[in-house]
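# mind looking at a prediction? Sequence and model below.
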Amino acid sequence: MDSKELVRYALQIQKLKVDRSHGSIMTLLGDLDRAPVTAEQLETTDIVTVLYRLLKTSSDRSVKTTVRSLLSKWKREYKKAVPSAEEGEDSAQTCDIKDDAPSTADCVSASTVRSKCVQLLLAALQPEPPDGAKAAELAGAVEQHVHRLHTHNQAKYKACVRSKVANLRNPKSGHLRRGLLSGALSADAFARMSAEEMASAELRQLREEYSSRGVSERQLPQAVEGTPTRKIRCKRCGRSECTVTHVSRGALFLPAWVRRGGPDEDAMTFVTCSGCGQQWYHSGWECL
């Protein structure tokens with residue numbers, strides 16, 4: 001049994017637990033008992049945590065007995081495959097196999113969050129009946145990749161999942177859902193996408209327009225050559241070698257609310273001293 005099948009089994013067990021379908025759960029547990037499960041799969045999937053919660057919450061004695069037997073079996077096999085587990089080394093899932101109650105409780109709490117995130121991703125994918133199983137695999141795969149990216153920062157992990165769910169639910173971002181379900185977009189690539197990369201084509205175009213418009217409004221004009229004159233004396237250095245320049249305020253890329261209405265009021269004249277570089281504008285030739 002591969003990891004994708006284990007994820008699907010975990011999701012099915014969670015759903016059947018809510019519906020109290022004990023007979024169907026027993027069937028799935030029998031399949032799990034007969035299937036070979038590796039230590040790596042126990043660490044990288046939520047199957048152990050799902051069974052542990054089932055053991056604690058189920059009211060059916062047969063289910064609890066079967067789950068307890070299966071967990072004990074996996075515990076023995078895990079210790080054979082990973083001897084260091086007996087020395088106290090812990091991972092995201094191995095703590096559920098051990099008998100250390102505090103660490104088990106912590107892992108169950110963390111895994112509950114992960115399971116909830118998988119459910120949110122699955123709901124956001126909105127699978128049709130034929131695509132239900134595939135969507136469940138995708139939701140589990142996306143969550144695992146996001147968890148690997150933010151293993152040591154739960155806040156970033158939750159924020160990343162919320163961003164993925166919001167974009168999948170956005171009607172204008174249907175390309176993400178279609179890409180995932182069709183296989184054109186891999187779960188790994190989707191997990192690594194930034195908010196800008198997940199945006200729809202329309203939103204990306206708007207961002208580009210706002211960005212270019214913002215640059216234009218703040219961009220300084222190229223140097224404008226003025227008319228030389230010796231009829232104005234510089235207040236700073238006393239020299240009379242100056243240039244007079246007449247430009248439109250619009251050429252300075254000023255915001256619209258700063259610009260004047262009429263062409264005369266829109267114009268600006270300033271004088272530059274060729275000696276020291278001092279400048280004045282035309283309102284009384286005051287120093288800038």
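Good, I have the coordinates.
# name the nearest residue to residue 67, sequence neighbours excluded.
Once flanking residues are discounted, residue 67 sits nearest to residue 55: 4.5 Å by C-beta to C-beta, 6 or more residues apart in numbering. C-beta: built from backbone N, CA, C; applies to glycine.
# what helix or strand is that neighbour located in?
helix 47-57 (DSSP states H and E).
# what helices and strands are in contact with that helix?
Applying 3 or more C-beta pairs under 8 Å, 6 or more residues apart in numbering; DSSP states H and E, we find helix 47-57 packed against helix 3-19, helix 61-81, helix 101-125.
# list the buried ones in it?
By neighbour count on 16 or more other C-beta atoms under 10 Å, the buried set for helix 47-57 is 47, 48, 49, 50, 51, 52, 53, 54, 55.
# take those residues and lay them out in TSV including distance to residue 232 and pLDDT.
What follows is the buried residues of helix 47-57, written out as TSV (distance: C-beta to C-beta, whole Å; pLDDT from 0 to 100):
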residue	distance to residue 232	pLDDT
47	86	85
48	86	85
49	83	83
50	85	85
51	90	88
52	88	86
53	86	84
54	90	87
55	93	86
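# and of these, the nearest to residue 7?
Minimum distance to residue 7 across the buried residues of helix 47-57 is 7.8 Å, recorded for residue 47 (C-beta to C-beta).
# distance of that closest one from residue 2?
Per C-beta to C-beta, to the nearest Å, residue 47 is found 12 Å from residue 2.
# before we move on, the earlier item: which of the helices and strands packed on helix 47-57 has the lowest mean pLDDT?
When these are ranked by mean pLDDT, helix 101-125 comes last with a mean of 71.
# buried sites along the helix or strand just after that one?
The helix or strand immediately downstream of helix 101-125 is helix 132-149, counting by DSSP H and E. By neighbour count on 16+ other C-beta under 10 Å, the buried set for helix 132-149 is 134-147.
# how about stretch 148-165?
For stretch 148-165, by 16+ other C-beta under 10 Å, it's 150, 157, 160, 161, 164, 165.
# nearest to residue 175, of those residues?
Nearest member of the buried residues of stretch 148-165 to residue 175, counting by C-beta to C-beta, is residue 164, at 14.0 Å.
# could I have the host helix or strand of that closest one exported to CSV, CA atoms only?
When elements are assigned from DSSP H and E, residue 164 belongs to helix 154-169. C-alpha atoms of helix 154-169 as CSV (Å, rounded to 0.1, in the frame of the first residue of the first chain):
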residue,chain,number,x,y,z
GLN,A,154,2.9,26.6,12.7
ALA,A,155,1.8,30.2,12.2
LYS,A,156,3.2,30.3,8.7
TYR,A,157,1.8,26.8,8.1
LYS,A,158,-1.7,27.9,9.0
ALA,A,159,-1.4,31.1,7.0
CYS,A,160,-0.2,29.3,4.0
VAL,A,161,-3.1,26.8,4.1
ARG,A,162,-5.6,29.7,4.6
SER,A,163,-4.1,31.3,1.5
LYS,A,164,-4.4,28.1,-0.6
VAL,A,165,-8.0,27.6,0.6
ALA,A,166,-9.0,31.2,-0.2
ASN,A,167,-7.6,31.1,-3.7
LEU,A,168,-9.2,27.7,-4.5
ARG,A,169,-12.6,29.1,-3.3
